[in-house]
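Student: just need the structure, nothing else, for what follows:
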Amino acid sequence: MATIAENLQGVTARIARAAAAAGRDPSAITLVAVSKTFPAGCVAEARAAGQRAFGENYVQEALAKQAALADGSLEWHFIGPIQSNKTRAIAEHFAWVHSVDRLKIAERLDAARPAGLPPLNVLLQVNADAEDTKSGVAPDELAALAQAVARLPRLALRGLMCIPRPAADFEAQRRPFARLRGLRDALAAGGLALDTLSMGMSADLEAAVAEGSTLVRVGTAIFGERSAH
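Tutor: Okay, the predicted model is just below:
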């Protein structure tokens, strides 16, 4: 069994190779280690190997890990569906939120973000494949949501996120990522300063990097297969 440190090294090498193939600087791509369902000890092991950004889907689980590790150098990303009653805890304990898909949630996060902290970095989750079962704002509703979120003072709208349907073929993997990049570029052309694309996971990070991803969210390839939560 490979260790978490060895797995991290392998994923970092994959990102570097993908960046080189795309003519990109690998330092422009941040690896978010998705630690949901894995204990604080696994996060500590990754931290010891140099990993600093961690992604979590479940608020209470994440808060318990944050308390156990008590390490201000770690950067916590909330990447799961957001329930209204969890917005205060998310606003108080995370640096990034990848999964904002409606204005009501953004307004609650804005109202709850403590004044002593920098603005909360937020990404709008887009349903790039128009799947009925997926969260995310529809592409034709994105511009209005982005303009509204950008006006909220305690949030910093940084870019977009998507979770496309799985595809085995590299070119098929690229298509939804290319759509998301196009949507980001259109918003930027309209005056929004967006610098972030959160896209790519264990199985498709190469395609995401080829299309300009700046945050890749990798869990399985680092921590192994997770049990059901």
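
Student: all contacts plus neighbour counts: C-alpha atoms, from now on.
Tutor: Will do.

Student: how about V126: what's its closest non-neighbour residue?
Tutor: G136 (4.4 Å; Cα to Cα, 6 or more residues apart in numbering).

Student: I meant to write V100 there.
Tutor: Among residues not flanking V100 along the chain, L124 sits closest, at 4.8 Å (Cα to Cα, 6+ apart).

Student: and E92, by the same measure?
Tutor: R113 (5.8 Å).

Student: dump the host helix or strand of A143 to CSV, restricted to CA.
Tutor: Here A143, judged by DSSP states H and E, is contained in helix 142-150. Backbone C-alpha positions of helix 142-150 (Å, rounded to 0.1, in the frame of the first residue of the first chain) are rendered in CSV as follows:
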residue,chain,number,x,y,z
LEU,A,142,-25.1,32.3,-14.4
ALA,A,143,-24.4,35.9,-15.4
ALA,A,144,-27.2,37.3,-13.3
LEU,A,145,-26.2,35.3,-10.3
ALA,A,146,-22.5,36.3,-10.8
GLN,A,147,-23.3,40.0,-10.9
ALA,A,148,-25.4,39.8,-7.8
VAL,A,149,-22.8,37.8,-5.8
ALA,A,150,-20.0,40.1,-6.9
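
Student: other residues contacting the helix or strand just after it?
Tutor: For helix 142-150, the following helix or strand on the C-terminal side (DSSP H and E) is strand 155-161. Strand 155-161 is contacted by residues 98-99, 109-110, 113, 119-126, 146, 149-150, 180, 184, 193-199 when judged by Cα atoms under 8 Å, 6 or more residues apart in numbering.

Student: how about stretch 62-73?
Tutor: For stretch 62-73, the external contacting residues (Cα under 8 Å, 6+ apart) are 36, 39-40, 44, 52, 56, 93.

Student: one more time with 7 Å, if that's ok
Tutor: Identification of contacts with stretch 62-73 by Cα atoms under 7 Å, 6 or more residues apart in numbering yields 40, 56.

Student: check which residues of it are buried.
Tutor: Neighbour-count burial for stretch 62-73, counted by 16 or more other Cα atoms under 10 Å, picks out 62-63, 65-66.

Student: what's the offset of the helix or strand where L183 lies from the middle of its chain?
Tutor: Assigned by DSSP H and E, L183 falls within helix 170-189. The chain centre lies 16 Å from the centre of helix 170-189; the measure is Cα atoms, centre = their mean, to the nearest Å.

Student: name the helices or strands packed onto it?
Tutor: helix 205-210 (3 or more Cα pairs under 7 Å, 6 or more residues apart in numbering; DSSP states H and E).

Student: now do the helix it packs on: which elements does it pack against?
Tutor: helix 4-21, helix 170-189.

Student: now mean pLDDT and mean neighbour count too, for the ones you listed, in a markdown table please.
Tutor: Shown next, in a markdown table, are the helices and strands packed on helix 205-210 (pLDDT from 0 to 100; neighbours: other Cα atoms under 10 Å):
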| stretch | mean pLDDT | mean neighbour count |
| --- | --- | --- |
| helix 4-21 | 98 | 17 |
| helix 170-189 | 97 | 18 |
